[in-house]
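**Q** coords please:
(one chain, ligands or ions: 1)
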Amino acid sequence: MNIKGYAQQSRLFYRSYALIFKSMPREAALLVVLMVLQGLLPALQTWLSKITLDVLFHLPTQNFEPLIWVLVWWGSSVLLGQVLEPWINYLVAHMNEHTTAFINQQLVRKAHGFQGLQPFENSVFYQDLEVLNRLSSSRPLNLLVATINWVRLLVTLTGLLFLVGTLVWWMPFLLVACSLPGVFKNTALRASGWKGLMSTRKEALEINYFRGLLTQESSAREIRIYNLGPHFEHRLMGAFQALQQVMGKERLKLAREPILTLLLSTAGGVFSFGYVLLLAASQKVTAGSIVVVVQALGQIQSLLDSFTIYHSLLKEHILYFEKLFYFLDFQEPLVLPQNPQHISGTLQEGIQFENVSFSYPDGRQILRDLTFTLKAGETVALVGENGAGKSTLIKLLCRFYDPTTGTIRVDGTDLRTLDVQDWRSRMGAVFQDFGKYHLSVQDNILLGDLQKQDLQGAEQAASKSGFKFEVLPQGLQTLLGKSFGGTELSGGQWQKLAIARAFYRNPQILILDEPTAAIDPKSEHDLYEQFAALAKGKTVLLVTHRLASVQMADRILVLKGGHLIEQGTHAELLHLGGEYATMFRLQAKYYQLAEEEAIGA
Ligand SMILES: Nc1ncnc2c1ncn2[C@@H]1O[C@H](COP(=O)(O)OP(=O)(O)OP(=O)(O)O)[C@@H](O)[C@H]1O
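**A** Got it, this is the predicted structure:
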């Protein structure tokens with residue numbers, strides 16, 4: 001590694017510890033102090049052995065005071081060791097919980113802080129996020145524990161090497177030199193292990209996915225009808241096997257490859273031990289000193305091996321933080337304005353699409369040169385075949401993405417210059433994949449505007465959407481969804497609840513992407529009957545395939561292959577006899593025929 005590399009590594013370590021310290025500064029500082037104390041204990045105890053022997057050999061007759069002091073010191077050091085251990089364990093566990101929570105908070109804050117949806121499109125990015133989430137409860141603790149042991153071993157080693165050095169000055173250098181290749185080798189092997197782990201991100205995602213399919217209620221029905229259990233289980237085990245193969249190879253390397261470096265460090269220890277035995281045989285040193293060196297050498301050898309392992313573990317765990325910081329530093333492609341414009345009051349002119357085209361990050365062009373205006377207070381229906389780009393247009397309107405070319409203007413101001421939160425606070429939406437929150441009915445509605453907490457308003461919104469909460473066991477307080485043992489709703493009931501949430505917000509701009517796809521004909525009819533009242537004063541964009549319900553729109557836009565091919569009122573478009581008229585007549589004919597056939601029969 002060159003100097004730049006070391007500087008980067010040092011910054012990375014500094015930032016990682018800063019993150020851990022930030023989560024619990026006092027506890028972290030206390031832990032460091034306790035660790036250093038604990039690290040000094042073995043050297044202190046070995047030194048006490050020397051003192052004991054030296055005192056014994058030079059003990060004046062009938063004077064036991066030095067022995068009593070030796071006993072007091074020895075007892076204190078043993079007691080300190082015993083007291084320190086549980087406190088260090090307590091602090092490590094305590095800090096681990098906090099650090100895990102803290103890192104999770106950083107991760108989710110970053111993830112929900114993305115204002116656009118593009119980061120979620122990138123599969124590598126998504127896989128990294130999965131690994132970061134999965135390891136967030138182990139890696140920070142591992143870094144902490146490895147650091148603790150690294151520091152403790154370093155302190156112990158320094159103490160013991162110092163003691164050995166007082167007898168033979170070159171011995172510490174020899175011992176360290178013989179262990180260094182092992183340190184480097186293990187570090188390289190751990191880095192390779194991490195690379196292996198990262199190369200199995202796809203398999204890890206597959207494991208999550210197939211395990212989810214096999215264990216969750218949402219997929220239980222199809223799995224049983226099509227007998228998909230064995231098939232998905234096979235794919236799950238395939239992913240496990242692929243993961244085990246890669247990680248097994250890495251583990252084997254870790255067990256097999258350090259043998260030469262271990263031989264070298266053992267040779268250093270044996271040579272040093274032999275030299276001390278020679279010194280002892282020629283009686284050049286005191287008995288106490290020989291005991292010190294013999295004891296210290298025994299410890300140093302195994303400590304150096306452990307130190308090598310912890311050093312390489314540190315390097316391995318730091319790679320987690322490298323990924324974590326990469327994620328935390330990631331700048332989303334959606335560029336937010338430095339000095340955003342804040343808008344107040346109601347929409348005046350409306351929203352203008354000017355030559356808007358859009359391609360997803362995969363490069364496919366979905367919207368092509370769209371120019372139209374959603375006038376303030378107008379209800380516009382957007383229709384077109386599957387994949388025409390209707391939901392994509394909504395995503396641009398919500399500023400989940402920016403147009404690839406062209407501009408969207410709000411009362412003449414470029415949407416990209418507006419404060420995005422401000423803009424979205426004017427909107428209410430029922431998306432195709434609306435949220436089903438496993439909370440109470442009331443909370444599901446109140447989520448539409450957390451500032452309001454208007455219980456009466458929530459009740460009214462539920463009534464307007466046709467959601468009959470009275471039939472549920474605890475009415476508005478009924479807990480929904482299976483996650484926490486609540487009541488499960490039907491698809492249509494969930495959708496009505498999503499509509500209630502949007503109504504509760506009372507937004508200026510209401511976006512409805514197939515809002516009645518799961519709703520029964522009578523409820524749909526009731527909803528559209530009162531739609532004029534509900535939409536009053538709002539700008540509404542409605543996407544639907546049920547053309548009977550678009551008649552109440554002021555204007556209809558027809559999308560085909562990303563082009564805006566027709567626009568006008570229901571009557572105008574029927575008169576035009578184009579795509580809309582064809583689609584409408586097809587649907588109408590289908591119902592008419594079905595009715596005629598039924599009556600005829
Ligand atoms: N996140 C995405 N990344 C890449 N392509 C996408 C993404 N989302 C949608 N598309 C593609 O964009 C095209 C338009 O999709 P969109 O959902 O806007 O259609 P739609 O008109 O709403 O269709 P539907 O009537 O079926 O809801 C489709 O071909 C789809 O494959």
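**Q** next up, the contacts around the closest residue to Leu547 other than its chain neighbours.
**A** Excluding the flanking residues, the one nearest Leu547 by Cβ to Cβ, 6 or more residues apart in numbering is Phe584, at 4.8 Å. C-beta: built from backbone N, CA, C; applies to glycine. Applying Cβ atoms under 8 Å, 6 or more residues apart in numbering, one finds that Phe584 lies in contact with Leu547, His570, Leu573, Leu574.
**Q** pick the one among those residues closest to Ala146.
**A** Using Cβ to Cβ, Leu547 comes nearest to Ala146 of the contacts of Phe584, at 64.4 Å.
**Q** now do the contacts for the closest one.
**A** Val383, Tyr580, Met583, Phe584, Gln587, Ala588.
**Q** any of those buried? List them.
**A** Buried members of these, scored by 16 or more other Cβ atoms under 10 Å, are Val383, Tyr580, Met583, Phe584.
**Q** quick one: which of those residues sit in strands?
**A** Mapping these onto strands (DSSP state E) picks out Val383.
**Q** which members of the buried ones among the contacts of Leu547 are positioned in helices?
**A** Per DSSP state H, helices hold the following members of these: Tyr580, Met583, Phe584.
**Q** which residues sit in contact with the residue in the stretch 101-250 of the chain positioned nearest to the ligand?
**A** Residue of the stretch 101-250 of the chain nearest the ligand, by Cβ to the nearest ligand atom: Glu121 (5.5 Å). Shown in contact with Glu121 (Cβ under 8 Å, 6+ apart): Tyr360, Pro361, Asp362.
**Q** go back to these and keep what's next to the ligand.
**A** Among the contacts of Glu121, the residues lying close to the ligand (Cβ under 6 Å from any ligand atom) are Tyr360, Asp362.
**Q** of the contacts of Glu121, which is the most crowded?
**A** Neighbour counts for these, by other Cβ atoms under 10 Å, peak at Tyr360, which reaches 15 neighbours.
**Q** correct me if wrong: it contacts Ser391.
**A** No: if you go by Cβ atoms under 8 Å, Tyr360 and Ser391 don't touch, sitting 11.8 Å apart.
**Q** packing partners of the helix or strand hosting Glu322?
**A** If you go by DSSP states H and E, Glu322 is part of helix 287-329. The elements that helix 287-329 packs onto, with contact taken as 3 or more Cβ pairs under 8 Å, 6 or more residues apart in numbering; DSSP states H and E, are helix 3-23, helix 25-57, helix 65-113, helix 123-135, helix 139-167, helix 171-199, helix 259-281.
**Q** go through the ones you listed and name the closest to Thr215.
**A** helix 123-135 (16.9 Å).
**Q** helices and strands around the closest one, which ones?
**A** Using 3+ Cβ pairs under 8 Å, 6+ apart: helix 123-135 touches helix 65-113, helix 201-215, helix 287-329.
**Q** pLDDT value on the closest residue to Asn142 other than its chain neighbours, please?
**A** What sits nearest to Asn142 in space, not counting adjacent residues and going by Cβ to Cβ, 6+ apart, is His317, at 4.8 Å. At His317, the model reports a pLDDT of 84.
**Q** neighbours of His317, how many?
**A** 23.
**Q** the ligand contacts on the stretch 251-400 of the chain?
**A** Within reach of the ligand by Cβ under 6 Å from any ligand atom, the stretch 251-400 of the chain has these residues: Tyr360, Asp362, Arg364, Ile366, Gly384, Asn386, Gly387, Ala388, Gly389, Lys390, Ser391, Thr392.
**Q** partner strands of the helix or strand just after the helix holding Glu322 and their direction?
**A** With elements assigned by DSSP H and E, the helix or strand that comes after helix 287-329 is strand 350-359. Note on strand 350-359: by DSSP bridges, its sheet partners are strand 365-375 (antiparallel), strand 405-410 (antiparallel).
**Q** okay if I get these as JSON lines plus mean neighbour count and mean pLDDT?
**A** Shown next, in JSON lines, are the strands paired with strand 350-359 (neighbours: other Cβ atoms under 10 Å; pLDDT from 0 to 100):
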{"stretch": "strand 365-375", "mean neighbour count": "18", "mean pLDDT": "95"}
{"stretch": "strand 405-410", "mean neighbour count": "18", "mean pLDDT": "96"}
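**Q** part of a strand, is Arg399?
**A** No: counting by DSSP: H, G, I helix; E, B strand; the rest coil, Arg399 is not part of a strand but coil.
**Q** in contact with it, which residues are there?
**A** Contacts of Arg399 were listed using Cβ under 8 Å, 6+ apart, and they are Gln115, Gly116, Leu334, Leu415, Arg416, Val420, Trp423, Arg424.
**Q** number of residues surrounding Pro507?
**A** For Pro507, the tally of surrounding residues (other Cβ under 10 Å) stands at 20.
**Q** just say helix, strand or coil for it.
**A** State at Pro507, reduced to three classes by three-state DSSP: coil.
**Q** angles on the backbone of it, please.
**A** When read as degrees, to the nearest 10, the backbone of Pro507 gives phi -80, psi 160.
**Q** low-confidence ranges, this structure, go.
**A** 1, 59-62, 591-601 (pLDDT under 70).
**Q** near the ligand, which residues of it show up?
**A** 121, 360, 362, 364, 366, 384, 386-392.
**Q** helices - which of those residues land there?
**A** When DSSP H defines the helices, the subset of the residues of the chain next to the ligand inside them is Lys390, Ser391, Thr392.
**Q** the second one contacts Gln432, correct?
**A** Yes: Ser391 is within contact range of Gln432, at 6.2 Å (criterion: Cβ under 8 Å).
**Q** what does the helix or strand harbouring Ala381 rub up against?
**A** Element membership for Ala381 (DSSP H and E) is strand 379-384. The contact list for strand 379-384 (Cβ under 8 Å, 6+ apart) reads 374, 390, 393, 531, 535, 539-545, 547, 550, 552-560, 580, 583.
**Q** what is the burial count for the nearest residue to Leu91 once chain neighbours are set aside?
**A** Distance criterion Cβ to Cβ, 6+ apart; nearest residue to Leu91, sequence neighbours excluded, is Leu31 at 4.7 Å. Neighbour count for Leu31, taken as other Cβ under 10 Å: 24.
**Q** now Leu31: how far from the ligand?
**A** Computed with Cβ to the nearest ligand atom, to the nearest Å, the distance linking Leu31 and the ligand is 46 Å.
**Q** wait, that residue sits on Tyr90?
**A** No: with contacts counted by Cβ under 8 Å, Leu31 stays clear of Tyr90, the gap being 9.8 Å.
**Q** Lys496 and Gly428, how far apart?
**A** Look at Lys496 and Gly428: by Cβ to Cβ, to the nearest Å, they are 14 Å apart.
**Q** for these two, indicate the residue with more neighbours.
**A** Lys496 (27 against 23).
**Q** for that one, what are its contacts?
**A** Contacts of Lys496 by Cβ under 8 Å, 6+ apart are Ala462, Ser465, Gly466, Phe467, Ile519, Ser523.
**Q** check Ala388 too.
**A** Taking Cβ under 8 Å, 6+ apart, one finds Leu559, Lys560, Gly561, Gly562 in contact with Ala388.
**Q** same list (those) but as CSV, adding secondary structure.
**A** Formatted as CSV, the contacts of Ala388 follow (three-state DSSP):
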residue, secondary structure
Leu559, strand
Lys560, strand
Gly561, coil
Gly562, coil
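**Q** just the buried residues of the contacts of Phe584.
**A** Listed as buried from the contacts of Phe584 are Leu547, His570, Leu573; burial here means 16+ other Cβ under 10 Å.
**Q** from the residues you listed, pick the one nearest the ligand.
**A** Distances from the ligand to those, taken as Cβ to the nearest ligand atom, are shortest for Leu547 (12.8 Å).
**Q** roughly how far does the closest one sit from Glu354?
**A** Look at Leu547 and Glu354: by Cβ to Cβ, they are 28 Å apart.
**Q** residue contacts, Trp494?
**A** When contacts are counted by Cβ under 8 Å, 6+ apart, Trp494 touches Phe434, Lys436, Ala518.
**Q** counting neighbours, what do you get for the last one?
**A** Using other Cβ under 10 Å, Ala518 has 17 neighbouring residues.
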